[in-house]
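J.: Here's a sequence, model it:
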Amino acid sequence: MSLVKEFKDFAMRGNVVDMAVGIIIGGAFGKIVSSLVNDVIMPPLGLLIGGVNFTDLKITIKPESVDAAGQAVKAVTLNWGNFVQVIFDFLIVAFAIFMVIKGMNSLKKKEEPATPPAPPAPSKEEELLSEIRDLLKKN
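T.: Down below sits the predicted model:
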């Protein structure tokens, strides 16, 4: 089997295509959730805690300075506020995905039939074998 044919067979499987669609939609959904967090949820939350923007919260380990050659040396900071922001983003994304999956599961439950379908009628061969079995039991 040639490498090109093998790759084509791999790429055209249903689950690979489904995964690609999921990744593309997931990327777009991530942008929506990021906007929800940054533009809708965080401003009121920042207002509640006194107008603090989480991404601005940091601990300065070494302040900005100028070296002997006159070059500016950037400050060394521990950006813990940005870490908190990323945690909030993750929690909101996880909750949104949970709600989507929960909705999909409830739709699947509604689609399932209330009663299982009746078993199919026995074939002619099965009926004939049943008659033979019954006749053998009588003897």
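J.: okay, now Gly46: neighbour count?
T.: For Gly46, the neighbour count with other C-beta atoms under 10 Å is 15. Heads up, the C-betas are built off the backbone N, CA and C, glycines and all.
J.: try Met42
T.: Using other C-beta under 10 Å, Met42 has 18 other residues around it.
J.: Mind pulling up the pLDDT for it?
T.: pLDDT recorded at Met42 is 76.
J.: Return the set of buried residues in the helix or strand harbouring it.
T.: Using DSSP states H and E, Met42 maps to helix 42-48. Residues Met42 are the ones in helix 42-48 that count as buried (16 or more other C-beta atoms under 10 Å).
J.: what packs against the next helix or strand after that helix?
T.: With elements assigned by DSSP H and E, the helix or strand that comes after helix 42-48 is strand 59-62. Applying 3 or more C-beta pairs under 8 Å, 6 or more residues apart in numbering; DSSP states H and E, we find strand 59-62 packed against strand 76-78.
J.: Residues contacting the strand it packs on, please?
T.: 58-62 (C-beta atoms under 8 Å, 6 or more residues apart in numbering).
J.: okay, those in JSON lines with pLDDT and neighbour count next?
T.: Converted to JSON lines, the contacts of strand 76-78 look like this (pLDDT from 0 to 100; neighbours: other C-beta atoms under 10 Å):
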{"residue": "Lys58", "pLDDT": "90", "neighbour count": "14"}
{"residue": "Ile59", "pLDDT": "92", "neighbour count": "10"}
{"residue": "Thr60", "pLDDT": "91", "neighbour count": "10"}
{"residue": "Ile61", "pLDDT": "93", "neighbour count": "9"}
{"residue": "Lys62", "pLDDT": "90", "neighbour count": "10"}
